[in-house]
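Enquirer: please work out how this folds:
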Amino acid sequence: MKRILIMGSTGSIGTQALEIIRKNRDRFSVCGLTCRSRIETLKQQIREFAPEAVSVGSAEDAAMLQREFPGLTVCFGEDGLVEIAKMDCDIVLNSLMGISGLAPTYTAIGLGRDIALANKETLVAGGAIVTQLCREKGSRLLPVDSEHSAIFQCLEGNGGSACARAYADPDSSLYRPVRRILLTASGGPFRGRSLEEMRNVTIEQALNHPKWSMGSKITIDSATMMNKGLEVIEARWLFDVPADKIDVHVHPESIVHSMVEFCDGSVIAQMGMTDMKIPISLALSYPDRMKLLADFADGYGCDDPLSRSSDGSLDLFTTGARLTFEKPDRKVFRCIDLAYEALKEGGAAPVVMNGANEELVAMFLAGKIGFLDIPQTIEKVMDKSSFPAPKTVEEILETDRRSREMAKEMLV
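Expert: Numbering: from 1, shown residues only. Sure thing, here's the model as predicted:
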C-alpha cells in the first residue's frame, strides 16, 4: 500500500486525488494533507482519511485544528509545508499553487521521495536545481499535468531515457529518437479573439474555460496562454529536451493531450477524455494503470460527458472524430513568447517571469488591473530586471519576491 502525502488537498487536483484514493483504499493511504484556508473542507478530509499530520496557512487555524484533533500533528505557514514534506511517505502529490510548491518539493526530493507533480512553478523557477537533486537522490518526477503526462506516456518504451542522456551531452553519439514534442493547448476562452477584443475582458469571462475545470490561477493562466508557456519550460526540464524542439499546437477539441514526433517521422499521441483523474491516477499508481472507465460510466469525474460513451470510454463517434490543430496567435497571446524568451535567457529570467505573472494574476482576480496588463507588465519587468542567476531555493524565493514588488510598482 502506498502512503500518499497530498499538498493542496482542498484544491481541484487534491480533491480529485482523494476521490481516487476513496475508491482504492486497498492501494493507497493518506499520511498527510495541506491546505491554505479551506479549513472546513480540510476537517472533513481529516475525519474521512485520518492523516497523521496536516499543515495550514495560519497559526490561528492550526491552533483550532489542534484543539479539535488532539492526536494530529498540525503545522502552519511556509515553514509548515517544508516540515510536513519531511514525512515518511511513498509519494508526494504536489498540487500547491505557485512558487509555494518549490521549497517543500525540494525538501521531499532531498529525502528521496517520488513526486507526483502538478505544480508547474517548481520546475519553471527551480528546474536546474530540482532535476539535479532528483538525479542525486534517485527521486522520480511523475507529471500530473495532462499534457506532460501525455508526453511521458508517449516516451515510455520509445527511447525516452536514451533521448534525455543524449540531449544532456551535445557531443554524445547516443541515438536520438525524439525529433519534437508537440505540446497541445485548448486555446482557452479567448481563442480567435483579437487584442482589441480582449481589452475589456472581465474576470468572469477569463474564468470560463471551455474544456477544463481548474483552480482560478491556472484558469487565468490558460486565458492568457501563460499556462502553455509555463508548460514549455516544465517540459524542457522534465524531459531534458531543448526549447527549440518543443512546439505548441492549439487543439480546441482537447482530445489529443500531447504528441511526440520521432526521428523516423512517427508521431505518437496520447488521447483521452478531459478528466484530470487519468493523469493523477497514473502518477499515483505508476508503473501500473488503474481501472477508471466504470467510474466514468457512472458519471464520476468526466468534465466533458459528450465525449464519453455508455461504458465510460472515449467516444470518437460522438465527438465526430474531428481533430483540428492551429498555430497559436503569438501577437495576441504574447505570454507564450515571453516564456520561450525566459527559457532562452536562463538564469533568473524564468523566476522573474513567473513571479511577476503570479502577482499580476492575483491583482487581476482582485479587480485591480485589466486583463492585458498581465502580459504587458510581465514584459516590462523582464526587460528591467537584472538579478543574478539564483543557485539555491532561498535565492530563487528572494528573486521571486523582488520580481513581485517590481510588478506592483509598475502599476501604481
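
Enquirer: CA only for contacts and neighbour counts going forward, please
Expert: OK.

Enquirer: who's in contact with residue 230?
Expert: Contact analysis of residue 230 by CA atoms under 8 Å, 6 or more residues apart in numbering lists 120-121, 124, 339.

Enquirer: and of these, the nearest to residue 315?
Expert: Of all those, residue 315 sits closest to residue 120, with 30.3 Å by CA to CA.

Enquirer: any idea how far residue 81 is from the closest one?
Expert: 17 Å (CA to CA, to the nearest Å).

Enquirer: do residue 403 as well
Expert: For residue 403, the distance to residue 81 equals 23 Å [CA to CA].

Enquirer: next one: residue 360
Expert: In this structure, residue 360 and residue 81 are 24 Å apart, going by CA to CA.

Enquirer: neighbour count: those two, which is higher?
Expert: More crowded of residue 360 and residue 81, by other CA atoms under 10 Å: residue 81, with 28 against 25.

Enquirer: helix or strand: which one has that one?
Expert: helix 77-84 (DSSP states H and E).

Enquirer: same question for residue 270.
Expert: Assigned by DSSP H and E, residue 270 falls in strand 267-271.

Enquirer: in terms of secondary structure, what does that strand contact?
Expert: Applying 3 or more CA pairs under 8 Å, 6 or more residues apart in numbering; DSSP states H and E, one finds that strand 267-271 contacts helix 146-155, strand 256-262.

Enquirer: could you dump the contacts of residue 230 to CSV with secondary structure, neighbour count and pLDDT?
Expert: Listed next are these as CSV, based on DSSP: H, G, I helix; E, B strand; the rest coil; neighbours: other CA atoms under 10 Å; pLDDT from 0 to 100:
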residue, secondary structure, neighbour count, pLDDT
120, helix, 30, 93
121, helix, 26, 93
124, helix, 29, 97
339, helix, 25, 98
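
Enquirer: for the stretch 51-200 of the chain, give me the ranges with low pLDDT.
Expert: Within the stretch 51-200 of the chain, the ranges that satisfy pLDDT under 70 run 159-176.

Enquirer: what ranges does it have for its helices?
Expert: For the stretch 51-200 of the chain, the helices defined by DSSP state H, counting those that start in this stretch cover 59-68, 77-84, 102-110, 120-137, 146-155, 160-168.

Enquirer: then the stretch 301-412 of the chain?
Expert: Using DSSP H, counting those that start in this stretch, the helices of the stretch 301-412 of the chain run over 316-319, 335-345, 349-365, 373-384, 393-409.

Enquirer: so of those, which one's packed in deepest?
Expert: Among the helices of the stretch 301-412 of the chain, helix 349-365 has the highest mean neighbour count (mean count of other CA atoms under 10 Å), at a mean of 25.

Enquirer: now tell me what touches that helix from outside.
Expert: The contact list for helix 349-365, computed with CA under 8 Å, 6+ apart, reads 98-99, 121, 124-126, 203, 217, 220-221, 338-339, 342-343, 369-371, 373-375, 377-379, 381-382, 385, 396, 399-401, 403-404, 406-408.

Enquirer: packing partners for the following helix or strand past the strand holding residue 270?
Expert: As assigned by DSSP H and E, the chain's next helix or strand after strand 267-271 is helix 277-285. Contact here means 3+ CA pairs under 8 Å, 6+ apart; on that basis helix 277-285 packs against helix 12-22, strand 114-117, strand 141-143.

Enquirer: quick one: closest of these to residue 291.
Expert: The nearest among the helices and strands packed on helix 277-285, by CA to CA, is helix 12-22 at 10.3 Å.

Enquirer: what's the following helix or strand after the closest one?
Expert: strand 28-34.

Enquirer: show me what that next one is packed up against.
Expert: Strand 28-34 sits against strand 2-7, strand 53-56, with contacts defined as 3+ CA pairs under 8 Å, 6+ apart.

Enquirer: residues contacting the residue nearest to residue 80 when sequence neighbours are not counted?
Expert: Counting by CA to CA, 6 or more residues apart in numbering, residue 80 lies nearest to residue 55, which is 5.7 Å off, once chain neighbours are set aside. Residues near residue 55 by CA under 8 Å, 6+ apart: 33-36, 62, 74-77, 80-81, 84.

Enquirer: measure residue 55 to residue 106 for me?
Expert: Applying CA to CA to residue 55 and residue 106 gives a distance of 17 Å.

Enquirer: just the pLDDT at the closest residue to residue 199 other than its chain neighbours, thanks.
Expert: Nearest residue to residue 199 in three dimensions, chain neighbours excluded: residue 372, at 6.3 Å (CA to CA, 6+ apart). Looking at residue 372, its pLDDT reads 96.

Enquirer: who does the residue nearest to residue 80 bridge with?
Expert: Using DSSP bridges, the beta-bridge partners of residue 55 come out as residue 34, residue 75.

Enquirer: I figured residue 334 hits residue 375, correct?
Expert: Yes. Residue 334 is in contact with residue 375 according to CA atoms under 8 Å; the separation is 6.5 Å.

Enquirer: most tightly packed of the helices and strands packed on helix 277-285?
Expert: Mean neighbour count (mean count of other CA under 10 Å) peaks for strand 114-117 among the helices and strands packed on helix 277-285, with a mean of 26.

Enquirer: got the contact list for that one?
Expert: 90-95, 105, 108-109, 139-145, 280, 283-284.

Enquirer: how about stretch 38-47?
Expert: 9-10, 35, 56, 61, 65.

Enquirer: hmm, back to that, out of the helices of the stretch 51-200 of the chain, which gets nearest to residue 292?
Expert: Residue 292 sits nearest to helix 146-155 of all these, at 15.7 Å, using CA to CA.

Enquirer: who's in contact with the closest one?
Expert: For helix 146-155, contacts defined as CA under 8 Å, 6+ apart pick out 142-143, 181, 183-184, 231, 235, 257-260, 268-271, 276, 279.

Enquirer: what's the angle between it and helix 277-285?
Expert: 60 degrees (axes from the mean of the first three to the mean of the last three CA atoms, to 10 degrees).

Enquirer: let's have the helices and strands packed on helix 277-285 in JSON lines, adding distance to residue 45.
Expert: Output for those, formatted as JSON lines (distance: least, CA to CA, whole Å):
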{"stretch": "helix 12-22", "distance to residue 45": "9"}
{"stretch": "strand 114-117", "distance to residue 45": "20"}
{"stretch": "strand 141-143", "distance to residue 45": "24"}
